[in-house]
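Participant: here is the input, now give the coordinates:
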Amino acid sequence: MLSTARWTHVALPVADLDASLAWYERYTPLRTIDRRSDEVGQSAWLAHPEATDRPFVLVLVSFDDRRGVRQPQLTPFAHLGVELPTKEEVDAVAERARAEGCLAWEPVQLPPPVGYVCAASDPDGNVVEFSFDQGVAAKVLEVFGEPESARP
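Facilitator: A predicted model of the protein is given here:
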């Protein structure tokens, strides 16, 4: 049962739901958990399988009246962020994105707290950043402490 307010999702419009789902499942740790269709259009929810204690969902929505029309929302700097465990994994994402023609930012080491980053563009042109040593999770733990679910 929910006992406090919680940030739950970000929603993005997409032109081709199937292409976007395939891209996010290929490039991020997100997996499709729900898919719906009605007279307005289609939508899908993607979530991180290991984040069940505090789930956060990326909602992709394709409206029937806009099908096929790309509507990038996160450009040129606004972006979604994915923290990876190693610098080599950032390089691997960049290599794959470069080969597939969707690399938005080449890998680069930036000053703290940014760390080592690259970015790729999803099928609609939205930017997804991949980072190593950015310390987002570490900062949350530093400020708020370990979650109760992780305590013995």
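Participant: okay, CA-based contacts and neighbour counts for the rest of this
Facilitator: Noted.
Participant: all strands of the chain, in order?
Facilitator: Taking DSSP state E as the criterion, the chain contains strands spanning 9-13, 31-37, 41-47, 57-63, 80-83, 103-110, 115-121, 127-132.
Participant: of the ones you listed, flag the one that's most buried.
Facilitator: strand 127-132 (a mean of 24; mean count of other Cα atoms under 10 Å).
Participant: let me see the domain layout of this structure.
Facilitator: Using automatic domain parsing, the domain parsing of the chain gives 1-67, 72-145.
Participant: for the longest helix along the chain, which outside residues touch it?
Facilitator: Counting by DSSP state H, the longest helix found in the chain is helix 87-99. With contacts defined as Cα atoms under 8 Å, 6 or more residues apart in numbering, helix 87-99 is touched by 27, 84, 103, 106-107, 116-120, 130-132.
Participant: any idea of the mean pLDDT for it?
Facilitator: Averaged across helix 87-99, pLDDT comes to 98.
Participant: how about stretch 137-152?
Facilitator: Rounded mean pLDDT across stretch 137-152 is 77.
Participant: next, Leu30: phi, psi?
Facilitator: Main-chain torsions, Leu30, degrees, to the nearest 10: phi -70, psi 150.
Participant: for it, list the residues it contacts.
Facilitator: 24, 46-49.
Participant: distance of it from Ser20?
Facilitator: Distance check for Leu30 against Ser20: by Cα to Cα, to the nearest Å, it reads 12 Å.
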